[in-house]
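**Student:** with the sequence up front, the predicted model follows.
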Amino acid sequence: MRSGSPPVPDGTARVRAVSRTRLWARVSRWLFLLPALVYLSLFFGYPVVKNVVMSFQEYSVATFYTGAAPFVGLRNYTTVLSTDVFWQALLTTVLFTVGSIAGQFVLGLALALFFQRRFPLGGLLRSLLLLPWLLPLVVSGTTWRWMLDTDSGVVNEALRHLHLLSSGIPWLTGTSEALVSVILVNIWVGVPFNTALLYGGLQDIPARYYEAAKLDGAGRLAAFRHVTWPLLRPVAGVVLVLGVVYTVKVLDIILVVTGGGPAGATQTLATRSYELSFQQFEFGRGAAMGNVLVLVSLAFALVHLRADRRARNT
Amino acid sequence: MNSAARPSARRITALLGTVALVLAATGCGGGTGSGSADGKVTSITALDYYTDATEHAQWGERLTACGKAAGVTVEHRSVPGASLVPQVLRQASSRTLPDLLMLDNPDLQQIARTGALTPLDRYGLDAAGYTEGIRSAGTYRGKVYGLAPTVSTVALFYNKDMLAEAGVAVPKTWDELKTAAAELTRPGRYGMAVDANATFEGTWQFLPFLWSNGGDETRLDTPQAAQALQLWVDLVRSGSMSKSVLNWTQADVHDQFVAGKTAMMVNGPWRMTAMNKTKNLHWGVAPLPVRRPGQTLVTPLGGEVWTVPQNSSEARRQKAARVLACLNDSANMLALAEQYHTVPSRSSVAARYAEQVPSMAAFVKSVEGTRSRTGKLGVEWPRAATGIYTAVQAALAGEQTPQEALRHAQRIATGS
């Protein structure tokens, strides 16, 4: 008796059914991707392409009305790259980025490790630490500008009262001090971000590893070197790459705190690009300068993706 | 599932995501203006940068009153000063410009150059009787595109009590200024303050010294310009002026003055309202000193011009022009001048005003000699302006001598 068992479909019908489900699966996959693709190409793809095209054009204020932007080839790039201002701004950008990232990361990691220990009010303190991140940058920038004023700023005033110095440090008005000040302010702004992400990464490290390390006789330093750091590395990589991408383009803090001065000492590629586009209305050159920045950021992003993939494959 | 395709898809999305992150900085919002209506025009739009609540309301009332006379209601919008030009450029490209547009006077030529503005002679308006400075600021290629009801400039403000205590007279020459500033300097107080920051505001404050001494923005590396810059350098070197001027805005300079931390300052009349409110501050105002007696004081012209942008409806433009004419009639000029401590832009009205409001006499006199920043260079002005503040910064910071700094400025100005 062949009772109960369903009829076995013949070969071709089965293939068709399978291919139909497979097709549907493929279509639905693209349908799920579609909104994101539309969004990305509209709001990110278009501006990128536009910016690249703009950098090869003589794009002036008149272009906005007439739409005419003559193609000038690489002229914007050669003009921008041939000025000594560019190379100085590039150097400043590198110093600013390296200084900021180093400070933010070290302080952020130290604070994250500190908050990993349980102590009274730890949670409250940790959330208070996020404050610099939540404040509008213009507000914190302006406040810093006042605090760092040479004559009446609270920083110099405090140092003077502590008898650490007799005359004020020209925090924002000395050509060599200003960059340091801007970096310090940016470190202050960036520490919460670093702390939050690194703290999250630390939470993911199972406590039993530390117990095992302790049993093996590892001290605190050895535990950090052999347990914490290797396991934190993927998160640290993300934090560093995001940090670089965020920092090379910093504009608001510098504009508010020093305005690129004194004498161009804090002029970075970002502020220079802003100045070209929105003060001198040289949109083509501003775009060329901006693209240099985009390339720098992209290079770091690719490095990150690469490292991430290698980490995942191992 | 299809395990081969997955990582690559992920890589692509991840890459797109990174691109997104990289570009998060360059995003910009689209601006929408009001479309034009056919048939009878009952309302027009106006755009300016008077975002301060009181100022916005006061301008709103004036626009409404002028609109009523022209038979339209005025939809009044204000955007922050720094975003006005970018906003106007966006509106120009999307053809959604307002019917009536206010611009800071040095920006007029840039916008007129795009073709986005209409010459005012079309509506029977001209700049007859206006002071020379504002006429040249409102003119592009021989045609008048914008008119300002009132104008302003900078002058020397001084603390009467401090001058009296030090036994110092109001300085009229640069040497007197240096001596006075030195004598007025005390611990915790400077004799003089200016805005020398790395923006066009810094340039604006330096211009009276540059121009009155015969310096010129068309050629920055001249002995006259170097002398002017040397004056500022001397004031900082001698300790009569704080080095922080490198980072002060005009508002900061005003705050220093009001707080009694500086005895004299360069500033504009729009600060008077706040200064009058400060108790125990007895201030005076005088024209800025010149290098040697007999030199004519030349100061930069400040003020906002009103324009009629090029949009599709002739009827709307006509209405807007009528409102513009109303804003610039004698009664409104006087009223606005009194409200904001500025100077009526028509010479005859200004003369009447000086009689009515004696405290403004110094400004009325200064305004006669004002020069527009774009008068000579036109659309090339922003470059020269960048060169000037760069030179001021380099010289005051001690990076370069005034001569070197100005040679560099000249290179910036000519784009080489």
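**Tutor:** Sure, I can see it. Residues are numbered from 1 along each chain as shown, chains lettered A, B, ... in the order given.
**Student:** how many neighbouring residues does residue 270 have?
**Tutor:** This is for chain A. Counted with other C-beta atoms under 10 Å in any protein chain shown, the neighbours of residue A:270 add up to 24. In this view, the C-beta of every residue, glycine as well, is placed from N, C-alpha and C.
**Student:** if you could check chain B rather than the one you did, that'd help
**Tutor:** 15.
**Student:** mind listing what it touches?
**Tutor:** Contact analysis of residue B:270 by C-beta atoms under 8 Å, 6 or more residues apart in numbering or on different chains lists B:152, B:340-342.
**Student:** show the pLDDT at it.
**Tutor:** The per-residue pLDDT reported for residue B:270 equals 85.
**Student:** next: the one 5 residues further on.
**Tutor:** The per-residue pLDDT reported for residue B:275 equals 91.
**Student:** is it true that it touches residue B:258?
**Tutor:** Yes. If you go by C-beta atoms under 8 Å, residue B:275 and residue B:258 touch, sitting 6.5 Å apart.
**Student:** identify the contacts common to the two.
**Tutor:** residue B:281.
**Student:** of the contacts of residue B:270, which is the most crowded?
**Tutor:** Of the contacts of residue B:270, with other C-beta under 10 Å as the count, residue B:342 tops at 27 neighbours.
**Student:** now the residue nearest to it when sequence neighbours are not counted. Its backbone dihedrals?
**Tutor:** Leaving aside its sequence neighbours, residue B:342 sits nearest to residue B:150 (C-beta to C-beta, 6 or more residues apart in numbering or on different chains; 3.8 Å). Backbone torsions for residue B:150, taken as degrees, to the nearest 10, come to phi -140, psi 160.
**Student:** show me the contacts for residue B:150.
**Tutor:** B:303, B:333, B:336-337, B:340, B:342-345.
**Student:** do the same with residue B:328
**Tutor:** B:147-149, B:306, B:345.
**Student:** wait, which of those is closest to chain A?
**Tutor:** Proximity of the contacts of residue B:328 to chain A (C-beta to the nearest C-beta) peaks at residue B:306, which lies at 19.0 Å.
**Student:** so which elements touch the host helix or strand of residue B:316?
**Tutor:** Using DSSP states H and E, residue B:316 falls within helix B:314-327. Helices and strands touching helix B:314-327, by 3 or more C-beta pairs under 8 Å, 6 or more residues apart in numbering or on different chains; DSSP states H and E, are strand B:43-48, helix B:53-70, strand B:100-104, strand B:304-307.
**Student:** quick one: that helix to strand B:43-48, angle?
**Tutor:** 50 degrees (axes from the mean of the first three to the mean of the last three C-alpha atoms, to 10 degrees).
**Student:** name the nearest residue to the residue in the stretch 51-200 of chain A that chain B sits nearest to, ignoring sequence neighbours.
**Tutor:** With C-beta to the nearest C-beta, the shortest gap between the stretch 51-200 of chain A and chain B falls at residue A:65, namely 3.9 Å. Nearest non-adjacent residue to residue A:65, counting by C-beta to C-beta, 6+ apart: residue B:114, 3.9 Å away.
**Student:** ok, now which ones touch that neighbour?
**Tutor:** When contacts are counted by C-beta under 8 Å, 6+ apart, residue B:114 touches A:61-66, B:89, B:92.
**Student:** if you set the cut-off to 7 Å instead, what comes out?
**Tutor:** Listed by C-beta atoms under 7 Å, 6 or more residues apart in numbering or on different chains, the contact set of residue B:114 reads A:61-62, A:64-66, B:92.
**Student:** follow-up on the earlier one: which members of the contacts of residue B:328 are the farthest-apart pair?
**Tutor:** Farthest pair in the contacts of residue B:328 (C-beta to C-beta) is B:306 and B:345. Separation: 11.1 Å.
**Student:** these two - which one has more neighbours?
**Tutor:** residue B:345 (30 against 25).
**Student:** so the more buried one sits right up against residue B:146, yeah?
**Tutor:** No. Between residue B:345 and residue B:146 there is no contact under C-beta atoms under 7 Å: 11.0 Å.
**Student:** show me what from the stretch 151-300 of chain B comes close to chain A.
**Tutor:** For the stretch 151-300 of chain B, the residues in contact with chain A (C-beta under 7 Å from any C-beta of the partner chain) are B:197-199, B:242-244, B:246-247, B:261.
**Student:** mind redoing it with 8 Å?
**Tutor:** Listed as neighbours of chain A in the stretch 151-300 of chain B under the rule C-beta under 8 Å from any C-beta of the partner chain: B:188, B:190, B:197-200, B:242-244, B:246-247, B:261.
**Student:** mind listing which of the residues you listed are in strands?
**Tutor:** residue B:190 (DSSP state E).
**Student:** redo the residues of the stretch 151-300 of chain B next to chain A as a markdown table? Include pLDDT and distance to residue B:280.
**Tutor:** Below are those laid out as a markdown table (pLDDT from 0 to 100; distance: C-beta to C-beta, whole Å):
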| residue | pLDDT | distance to residue B:280 |
| --- | --- | --- |
| B:188 | 88 | 17 |
| B:190 | 96 | 19 |
| B:197 | 92 | 29 |
| B:198 | 91 | 34 |
| B:199 | 91 | 32 |
| B:200 | 93 | 34 |
| B:242 | 94 | 23 |
| B:243 | 92 | 28 |
| B:244 | 91 | 24 |
| B:246 | 93 | 30 |
| B:247 | 90 | 28 |
| B:261 | 95 | 14 |
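**Student:** and which of the residues of the stretch 151-300 of chain B next to chain A is nearest to chain A?
**Tutor:** Among those, and counting by C-beta to the nearest C-beta, the member closest to chain A is residue B:198, at 3.5 Å.
**Student:** residues contacting the closest one?
**Tutor:** A:258-264, B:246, B:389-390, B:393.
**Student:** one more time with 6 Å, if that's ok
**Tutor:** A:259-261, B:389, B:393 (C-beta atoms under 6 Å, 6 or more residues apart in numbering or on different chains).
**Student:** among the residues you listed, which ones are in strands?
**Tutor:** Of the positions in these, not one sits in strands, assigned by DSSP E.
**Student:** and residue B:18, what's its pLDDT?
**Tutor:** In this prediction residue B:18 is given a pLDDT of 46.
**Student:** how close does the residue nearest to residue B:342 get to chain A?
**Tutor:** 26 Å (C-beta to the nearest C-beta, to the nearest Å).
**Student:** if I look at residue A:165, how far off is residue A:159?
**Tutor:** For residue A:165, the distance to residue A:159 (C-beta to C-beta, to the nearest Å) stands at 5 Å.
**Student:** of those two, which one has the most company?
**Tutor:** More crowded of residue A:165 and residue A:159, by other C-beta under 10 Å: residue A:159, with 15 against 10.
**Student:** perfect, that will be all.
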